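*Asks:* output the structure for:
(chains A, B and C)
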Amino acid sequence: MSVMRRLALVDCNNFYVSCEQVFNPALRKRVVVVLSNNDGCVVSRSAEAKQAGIGMGVPYFKVRQQLEALGGIALSSNYALYADMSHRAMTLMRDMAESQEIYSIDECFLDFSAFTPDQALIQATKIRQALWQSLSLPVCIGLGATKTLAKLANEMAKTLKEASGICNLSDPLSPWRESQMEEMPVGSVWGIGRRTARSLESIGIKTVGDLLQAPPQRLRKNYSINLFRTLSELNGQTCIGFEQVAPARQQIIASRSFGHAVKEVQDLNEALSTFATRAAERLRADGSLASHLQIYVRGSPFAEQASSPDDAINIQLSSPTNDTRRLVDATLSGLKLIYRPGLRYKKAGVILGGIVPAHHYQPDLLRTQSHNNSSTLMRVMDHINDRFGRDVLRVASMGHRDEADWHMSCSRRSRRYTTTLDELPVFSSLGLS
DNA sequence: TATCGTATCACAC
DNA sequence: CTAACGGTGTGATACGATA
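*Replies:* Got it, this is the predicted structure:
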């Protein structure tokens, strides 16, 4: 007989904006947004920005004027900073529970099963305080018997004014809490996205309470297995396991939209060489090999003409590899086959697939030296780049222009306070870099 | 008929 | 001045090709 599970879901509030505010307190209590790559869309908003009606995911150019009128601030995203803050937060929480599953850059599940209900609430409070005191990060915490319930509790912790950052949907569940839960909109449930929510609403299922009371046969008939798992989890039955170690990735994607549309093969060569290089670095960091890759190029999905390019090609490697040179070669040979002169390309990408552990692969003794994997050269290259800076050692096809059209726009990035010495204010102002 | 690969969708963050 | 709209990853499902 298994003991009841009790899970906590800790989620940082407005994570990217909060990280920026840690290092620039002048941003507190202000309308602040952080933009996606290429300064494209709003991906994180301060409470004040939400209050002012700045939507999540809205293209920046559509709200730029509104932001200026509000005296608001838009920042390019600074992933080095967010990743570092995330690591600190996760490390801090790791020792405050039996086990931890890092779910995303700003969220983790914690196993609180060993705690009594009272202890669990006390521990949640401690975690909130610890993150605020040592990292200045505000978080909300939801407690529940399943991941879906913990996520829902977290939504309620964010939504309900009186929750003060913590909401408990574990037992014992007060009738009051239960009714609050039943009033939550279906779309706020983890796993029920925009489309399913709209569909459910159209048949009168608008809230969690409606969903729990709906006849299961009717749901089974019209919806996927996912919705049933979600429903079971809302009823307290575990369908989604707790993963302390992340399962091996099945694919690695490296892709970017370009700062400006490009037409020349040379630009695409450089961009795709860079993407293949990034993908290969991650592949080696995972200790893996890829068996095939896909490359794709495309124009703007918003282009008025229907003739915007959109092409892809799959390439089978003669043997699994993590060698940047082989992956770049394959990438460029693929590009040759799909490139068409004169078109306006706006995005490209490399997708590595057929990923296997490096130790799993038995090299073919008849293969030539160039097919060696995890070669000494790659290890040395990674080492040098790690020590002396990204791309100090690189394939020539990546190019060396500081300002190529395909490079991202990123005009408003804050300093990488925690990871790049040159960007500490005291160093840069002294001109030491 | 069972299975396989691929494209597409839905979802999350 | 104007035009301008993310990236990474998983799983389900549909469907035609294949053995």
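
*Asks:* which of the three states applies to residue A:244?
*Replies:* coil (DSSP: H, G, I helix; E, B strand; the rest coil).

*Asks:* and for residue A:110?
*Replies:* Here residue A:110 is strand, with the state taken from three-state DSSP.

*Asks:* now do the same contact list for it.
*Replies:* Contact analysis of residue A:110 by Cβ atoms under 8 Å, 6 or more residues apart in numbering lists A:7-10, A:93, A:96-100, A:127. The way it works is simple: take the backbone N, C-alpha and C, and place the C-beta from them, glycine included.

*Asks:* can you redo these as a markdown table with secondary structure and distance to DNA strand C?
*Replies:* A markdown table is the format used below for those (DSSP: H, G, I helix; E, B strand; the rest coil; distance: Cβ to the nearest atom of the strand, whole Å):
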| residue | secondary structure | distance to DNA strand C |
| --- | --- | --- |
| A:7 | strand | 19 |
| A:8 | strand | 23 |
| A:9 | strand | 18 |
| A:10 | strand | 19 |
| A:93 | helix | 22 |
| A:96 | coil | 27 |
| A:97 | coil | 24 |
| A:98 | coil | 24 |
| A:99 | coil | 20 |
| A:100 | strand | 19 |
| A:127 | helix | 25 |
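
*Asks:* show the buried residues in these.
*Replies:* Among the contacts of residue A:110, those classed as buried by 16 or more other Cβ atoms under 10 Å are A:7-10, A:93, A:96-97, A:100, A:127.

*Asks:* export those residues to a markdown table and tack on distance to residue A:381 and pLDDT?
*Replies:* Formatted as a markdown table, these follow (distance: Cβ to Cβ, whole Å; pLDDT from 0 to 100):
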| residue | distance to residue A:381 | pLDDT |
| --- | --- | --- |
| A:7 | 42 | 98 |
| A:8 | 41 | 98 |
| A:9 | 40 | 98 |
| A:10 | 38 | 98 |
| A:93 | 35 | 98 |
| A:96 | 39 | 98 |
| A:97 | 39 | 97 |
| A:100 | 33 | 98 |
| A:127 | 40 | 98 |
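
*Asks:* so what's the residue count around residue A:389?
*Replies:* Using other Cβ atoms under 10 Å, residue A:389 has 10 neighbouring residues.

*Asks:* need the pLDDT of it.
*Replies:* Looking at residue A:389, its pLDDT stands at 90.

*Asks:* what distance do you get for it to DNA strand B?
*Replies:* Residue A:389 sits 28 Å away from DNA strand B, taking Cβ to the nearest atom of the strand, to the nearest Å as the criterion.

*Asks:* what of residue A:173?
*Replies:* 22 Å.

*Asks:* helix, strand or coil for that residue?
*Replies:* Under three-state DSSP, residue A:173 falls in the coil class.

*Asks:* how many neighbours does the nearest residue to it once chain neighbours are set aside have?
*Replies:* Once flanking residues are discounted, residue A:173 sits nearest to residue A:181: 8.0 Å by Cβ to Cβ, 6 or more residues apart in numbering. Applying other Cβ under 10 Å, we find 22 residues neighbouring residue A:181.

*Asks:* packing partners of the helix or strand harbouring residue A:181?
*Replies:* Take DSSP states H and E as the rule and residue A:181 turns out to sit in helix A:175-182. Counting contacts by 3 or more Cβ pairs under 8 Å, 6 or more residues apart in numbering; DSSP states H and E, helix A:175-182 packs against helix A:147-159, helix A:208-213.

*Asks:* what comes up buried for the following helix or strand past that helix?
*Replies:* Under the assignment DSSP H and E, the closest C-terminal helix or strand after helix A:175-182 is helix A:194-202. Burial within helix A:194-202, assessed by neighbour count using 16+ other Cβ under 10 Å, is assigned to A:196-197, A:200.

*Asks:* repeat that for stretch A:84-96.
*Replies:* Buried, per 16+ other Cβ under 10 Å, within stretch A:84-96: A:84-86, A:89-90, A:93, A:96.

*Asks:* any chance of the residues you listed in TSV, plus distance to residue A:56 and secondary structure?
*Replies:* What follows is the buried residues of stretch A:84-96, written out as TSV (distance: Cβ to Cβ, whole Å; DSSP: H, G, I helix; E, B strand; the rest coil):
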residue	distance to residue A:56	secondary structure
A:84	24	helix
A:85	20	helix
A:86	20	helix
A:89	22	helix
A:90	24	helix
A:93	25	helix
A:96	30	coil
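
*Asks:* between those residues, which sits nearest residue A:349?
*Replies:* When these are ranked by distance to residue A:349 (Cβ to Cβ), residue A:86 comes first, at 24.3 Å.

*Asks:* wait, that closest one sits on residue A:106?
*Replies:* Yes: when contacts are counted by Cβ atoms under 8 Å, residue A:86 is listed as touching residue A:106 (6.4 Å).

*Asks:* between those two, what contacts are shared?
*Replies:* Contacts common to residue A:86 and residue A:106, judged by Cβ under 8 Å, 6+ apart, are residue A:15.

*Asks:* just the closest residue of chain A to DNA strand C, please.
*Replies:* In chain A, the residue that lies nearest DNA strand C is residue A:40 (2.4 Å; Cβ to the nearest atom of the strand).
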